[in-house]
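A.B. asks: With the sequence up front, the predicted model follows.
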Amino acid sequence: MSDQSQGGKLNQAELDELVASSDTGGRSPSGPVGAFILVVALIWSLFQLWIASPIPFMVGWGVFNDTEARSIHLAFALFLAFAAYPAVRSPVQLVLAIGVPALLTFLFIYGSKEGVPVWWIPLPGIVLVGAILLGSPKDRIPPWEWALAIIGACAALYLYVFYDGIANRVGAPILQDYVVAVIGLLILLEATRRSLGPALMIVATLFLAYTFLGPLMPGIIAHKGNNLSEVVNHQWITTEGVFGIALGVSTSFVFLFVLFGSLLDKAGAGNYFIQVAFSLMGHMRGGPAKAAVVSSAMTGLISGSSIANVVTTGTFTIPLMKRVGFSSEKAGAVEVASSVNGQIMPPVMGAAAFLMVEYVGIPYFDVVKHAFVPAVISYIALVYIVHLEAMKAGLEGLPRSYTPKPIVQRLIGIAFAIIVICVVSFAVYYLMGWIRPAFGSSAGYVVFALLIAVYLGLLWIASRETALEMEDPNAPVKELSPPGPVVRTGLHFILPVVVLVWALMVDRLSPGLSAFWASAFMIFILVTQRPILAVMRGVGDTGTAFRGGLIDLLDGLVSGARNMIGIGIATATAGIIVGAVSQTGVGSALADVVEVLSGGNIMAILVLTAILSLILGMGLPTTANYIVVSALLAPVIVTLGQQNGLIVPLIAVHLFVFYFGIMADVTPPVGLASFAAAAVSGGDPIRTGVVAFFYSLRTAALPFLFIFNTELLLIGVNWFQGIFVFIVATVAMLLFAAATQGWFLTRNRFYETLALLLVAFTLFRPGFWMDMVAPPYDVMQPAQIEEAIMIADPGETLRLQVSGLNAIGEPVSFTALLPVEQGETGEERLLNAGVETIMNGDAVVIDNVAFGSVAAEAGLDWDQTIEEVKVPKDAPSKYWMFIPALLVLAGVIMLQRGRAGRHVPQTA
C-alpha cells in the first residue's frame, strides 16, 4: 500500500492499527515497557506449550489441573488486556466505562441481603472509574493502568493460589471471596470493553442484572432472584461461570491453534496461500475475486478472526479486484463474504469446533465431518457468485506471463496429480500402520526421521525456484507466474497441517495435544527453513538466516499470545452469560417467549432464532458469539422443535445458531468485517455490508436446509451417499446463487428466478414434496399402539405425540421417537422398549418407564398421555422428485440460451 491515505482508504500503518485495535491491542509502548509486554506475551505462549505437552507428566513437575490452568490463562489475558488496550475516550465508551461499574455496584449492594458488610463494595468501582478518568494514552502505560493490570491478574490467580481452601468451602464464601469476586467481575468487564468493544460487556452486565433482579422481571421471564453469595460462588469461586467450560476450551485447545496459525503465518504461509490462489485462478473472469475467495478459505483454516482475515488477504486482493473492474463496494464485499466464511471452515472454525466438542458431547472428528460439506459448498457457491458478477460486467482476469498448456494436457496433469496424492496418502497410511508395531516404543523417532526427510526433500524442491516476495497490489499490473513454480516454493508449509490433521483424524489425539505436535513441528520449520534454504541455494549467510528464523519464531510466539488476548477475555466473559443461564433458567423462559411470538410454527421459530442470533452476535468475536447464542438459543430450537414434531440432532442446532451468529460480522449496521474491508477499499462501509449480506445469502440458507435435511451434515449416510449428497447439494447451491444474483446463463426474468429457486429447494429437500405425494407415516389412534408396534419392523421408529408435565410441573407436548424392539406381541415389544401403558377412559397413559431403557432415552416418563401414534410405511424414494426438478431446469436453460448471446455487459 501507499504510505498515504487516498480516496478514503487507510494506509498500511492505519490498517495495522485497525487490526491491532480489534485483535492484538492498540497500545505499543517503546523501550523497556514495550519489551516487558513482549516478554509477558512470550511467557504466556511458552506456558501454554508447556501444559499442552507431555513433558510435565514425564518429569513429574509443572502439572496443573484444569481449574489452575484456567486461572493462570485468564491472569495472562487480563494483564495483557490492560497493558495492550488503552481505554477509548469517546463519549459513548466513557459513559459505559462509568455506568457499568456503577450499575454493578448497585447490584452487588442490592444482593447483599445475607449480612455481608456493604461499606467496601463501592470502593472497587470508584477506583476503577477514577483510573479510567485519569486517562489512558496509547504510547505509554500510566501507573494506574499498571495497577489495574496487576489487580486483575491477581483476582484471576486467586483460584490457583487458594485452590485447596476454596475447595473446602464451596457454597459458603468468606469475605475474602466476596472482595476478590467483586473486583474480578468489575475488572473483567472493563477488560472486555477495551479489547472487544461494548457489545459483550453490555450483554454480560444485563445477564448479571437479570440474575439479581429476577423477581422484578416481567412474569414470563421472572425468577426468584439470586443473592450476592450465590452469584459470587457461581460466577467466580467455582467453574460454573467465568472459569467454566468456555475458558477451559480457550486454555486447553484454542490457544494452541491460534499459536499454530500465527507461527504458520510468520513462516510465510499466509503470503504463500495468496500467491498460490492467484497463480491458479487470477487469469479467470474476475480472477482476483476468485483468488480472494480461495486465499481467504485457506487463511480461514488457520485464522480465528474474520477482521484479521479481511485485512491480511484484502490488502492484496481488494486493489487487484478493483483493477479488473470491480467497484470498491463489491471488491470489499467479496473479501468480507469469503473472510467471514473462514469461520465456518474446519478444522478450527474460529475456535468454535472445540467448544462444540464440549457442548454437544461428540468427538472432534464428528464435528469436523458434520461441518465440512456445508462449508465447502458455501465457498464453491461464492466462487460462482464472483463468476456471475464478472459475467454481468464482462470482466476479464489478469494477464499470464506464459502460454497455458492445452486443456486436455492440463486435465491429464490434474488427474495425474490426484492419483499421485491418493497413492502417497495410502502409502503413508499403511506405512504408519506397519511402523508402529514393527518399532514399538521407538516408532515415534522413526516417524520423526521420515518427516524430516520429507521436509528436506520439499525444501530442496523449493530451493530450485525463485523465493516468493510480498507483492505490492498498487504496483503496475504484472503478468501472472506459472502455477507450478509458485506451488513448489512452499510445499513444506503443508507438512505441519498434515501433522495436525493426522493427529486429529487418524491418531484421534486430543485437539490440544494435536495442536502441540503441529506447533512443535512448526517451530522446527521456523528455525531451520531459512538456513537450510540458504545452504541449498548457495546464497546468503547461514548465521544471519538462523538469526532471522529465531526472530520469526519469537514474533510468532508473541503474536500468538497477543491474538489470544481478546479470545481469552471473550470466553471468560461469555462464561458469565453461561453461568447466568444455568443459575436462573432463562433458557426455558426464552423458549416460552419464542414460542409465544412464533405461535408454535416451526419455520417461524427458526426465523426468530436466526434473528436473535444475528442480534446477539453483533459486535462479538466468533468465539464469544458462539458461546452466547448456543447457551441461549440452541436449547430453544431443541425444545420447541421436539414439541412441534421436528427432531433435530444437537450438532445441527449448534451449527444453525453458529452460522447466524457469524453472519453478524457481515450484517449492517454493525458488521465489523465490512468496516474493515471498506477501510481497505475506500468504499462505503454500509453499502459494502449490504452487498456482502446478499453475497452471504447462501450461507444464511444452509442452516435452514440442514435442519430439515440432516444428510447435508453427513448424518446417517455412508461414503457413497455422502458423495452423492455433496454433488447434489453443490448443484442446488449454485442454482440458488444464480437465482439470488439474478443471472444464470444470462439475466434472469422473474419467473426464471422463481423456477431456479424451486429447483434448488427440490434438490436440497426432495422429501418435502414426496411427503405430500406419499406420506411416510400411517397415523393411528393411541389405543392401537400395540397393533402399531407390531406393524413396524424391529429397528424402525414409532413417532409418538405425547403430552404431560415437565420436571417443574409445567404442561408440555412433544414428539418422542420410540425404537421398535424384538417381541412376539405388541405388549412384549413395548415392555422390551421399557414402556408400560394403561387405559384411563379413552386416554392411553404411560404407567411406567424402565430406567435406562430406549423409552427413557426418547423422553417418555410416567403419567404422560399418548395423543397420537405414527407408524413408518413404505414410500417411493424421495429422489424421484429430481426428475421434474431437472426438467424445469432444462426448460430454464433452453429459455436463456436463446438470449445469452444478446447480452451487453454492464459495469460492475
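C.D. replies: Yes, it's here. Residues are numbered from 1 along each chain as shown.
A.B. asks: Can you spell out the domain ranges of this structure, please?
C.D. replies: 12-248, 777-874 (automatic domain parsing).
A.B. asks: Arg547 is nearest to which of those domains?
C.D. replies: Shortest distance between Arg547 and the domains of the chain, using CB to CB, is found for domain 12-248: 16.9 Å. Every C-beta, even on glycine, is put in place using the N, C-alpha and C of the backbone.
A.B. asks: Quick check: mean pLDDT of the closest one?
C.D. replies: Domain 12-248 shows a mean pLDDT of 86.
A.B. asks: Just name the most buried of the domains of the chain.
C.D. replies: domain 12-248 (a mean of 19; mean count of other CB atoms under 10 Å).
A.B. asks: Distance from the chain centre to that domain, please.
C.D. replies: 24 Å (CA atoms, centre = their mean, to the nearest Å).
A.B. asks: now stretch 513-520
C.D. replies: With CA atoms, centre = their mean as the basis, the mean position of stretch 513-520 lies at 20 Å from the chain mean.
A.B. asks: returning to what we had before: would you turn the domains of the chain into a markdown table with distance to Ile419?
C.D. replies: Output for these, formatted as a markdown table (distance: least, CB to CB, whole Å):
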| stretch | distance to Ile419 |
| --- | --- |
| domain 12-248 | 37 |
| domain 777-874 | 40 |
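A.B. asks: Minimum distance to Ile602: which of those domains has it?
C.D. replies: Once these are compared by CB to CB, domain 777-874 is nearest, at 11.1 Å.
A.B. asks: any idea which element Asn309 lies in?
C.D. replies: Using DSSP states H and E, Asn309 sits in helix 306-323.
A.B. asks: other SSEs contacting that helix?
C.D. replies: With contacts taken as 3 or more CB pairs under 8 Å, 6 or more residues apart in numbering; DSSP states H and E, helix 306-323 sits against helix 12-19, helix 269-281, helix 287-300, helix 328-341, helix 672-681.
A.B. asks: List the buried residues in it.
C.D. replies: Buried residues in helix 306-323, counted by 16 or more other CB atoms under 10 Å: 306-322.
A.B. asks: do the same with stretch 529-541
C.D. replies: So, applying 16+ other CB under 10 Å, buried residues of stretch 529-541: Gln529, Arg530, Pro531, Ile532, Leu533, Ala534.
A.B. asks: Show me which helix runs longest in this protein.
C.D. replies: helix 542-584 (DSSP state H).
A.B. asks: Tell me what angle it forms with helix 306-323.
C.D. replies: Angle, helix 542-584 to helix 306-323, by axes from the mean of the first three to the mean of the last three CA atoms, to 10 degrees: 120 degrees.
A.B. asks: Run the chain-centre distance for stretch 586-598.
C.D. replies: Here stretch 586-598 is found 25 Å from its chain centre; the criterion is CA atoms, centre = their mean.
A.B. asks: Touching it from outside, list them.
C.D. replies: Here stretch 586-598 makes contact (CB atoms under 8 Å, 6 or more residues apart in numbering) with 207, 210, 220-221, 223, 580-581, 604-605, 607-609, 612, 631-633, 635-636, 639-640, 643.
A.B. asks: still on that earlier bit, of the helices and strands packed on helix 306-323, which approaches Gly823 most closely?
C.D. replies: Short answer: helix 328-341, nearest of those by CB to CB, at 50.1 Å.
A.B. asks: and the helix or strand just after that closest one, which residues are buried?
C.D. replies: As assigned by DSSP H and E, the chain's next helix or strand after helix 328-341 is helix 352-360. In terms of neighbour count (16+ other CB under 10 Å), helix 352-360 has its buried residues at Ala352, Ala353, Phe354, Leu355, Met356, Val357, Tyr359, Val360.
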